[in-house]
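J.: Could you work out the structure for the sequence below:
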Amino acid sequence: MGDSTGSMFYGLGAFLLIYLAGASIYQIYLWVKKHRERKKMKEEE
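T.: Modelled structure (predicted):
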């Protein structure tokens with residue numbers, strides 16, 4: 001039983017790590033997208 005809790009903990013840790021990495025990449029993607037649109041608007045003026 002002690003072994004299964006350890007592996008479950010690692011699974012949860014890995015899941016959290018992947019989730020946070022994915023969320024961070026998505027936020028950076030959104031920021032870059034917004035930044036590019038703003039740059040485009042300035043050039044059109």
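J.: all strands of the chain, in order?
T.: With strands called from DSSP state E, the chain shows none.
J.: Show me the helices in it, by range?
T.: 2-44 (DSSP state H).
J.: Tell me where the model's unsure across it.
T.: Across the chain, the ranges flagged by pLDDT under 70 are 1-3, 45.
J.: Compute the distance from the centre of stretch 20-35 to the centre of its chain.
T.: Relative to the centre of its chain, stretch 20-35 is centred 7 Å away, using Cα atoms, centre = their mean, to the nearest Å.
J.: do the same with stretch 16-35
T.: 4 Å.
J.: Buried residues of that stretch, list them for me.
T.: Across stretch 16-35, burial judged by 16 or more other Cβ atoms under 10 Å covers no residue at all. C-beta here means a position set from N, CA and C on the backbone, and glycine is covered the same way.
J.: can I get the CA coordinates of that stretch in PDB?
T.: Taking C-alpha atoms only, stretch 16-35 is exported to PDB below (Å, rounded to 0.1, in the frame of the first residue of the first chain):
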ATOM      1  CA  LEU A  16       0.600  19.000 -12.300                       C
ATOM      2  CA  LEU A  17       3.900  19.600 -14.100                       C
ATOM      3  CA  ILE A  18       2.500  18.900 -17.500                       C
ATOM      4  CA  TYR A  19      -0.600  20.900 -16.800                       C
ATOM      5  CA  LEU A  20       1.400  24.000 -15.600                       C
ATOM      6  CA  ALA A  21       3.800  23.700 -18.500                       C
ATOM      7  CA  GLY A  22       0.900  23.500 -21.000                       C
ATOM      8  CA  ALA A  23      -1.000  26.400 -19.300                       C
ATOM      9  CA  SER A  24       2.200  28.500 -19.400                       C
ATOM     10  CA  ILE A  25       2.800  27.800 -23.100                       C
ATOM     11  CA  TYR A  26      -0.800  28.700 -23.800                       C
ATOM     12  CA  GLN A  27      -0.600  32.000 -21.900                       C
ATOM     13  CA  ILE A  28       2.700  32.900 -23.800                       C
ATOM     14  CA  TYR A  29       1.000  32.000 -27.100                       C
ATOM     15  CA  LEU A  30      -2.000  34.300 -26.300                       C
ATOM     16  CA  TRP A  31       0.400  37.100 -25.200                       C
ATOM     17  CA  VAL A  32       2.400  36.800 -28.500                       C
ATOM     18  CA  LYS A  33      -0.800  36.800 -30.500                       C
ATOM     19  CA  LYS A  34      -2.100  39.900 -28.800                       C
ATOM     20  CA  HIS A  35       1.300  41.600 -29.100                       C
END
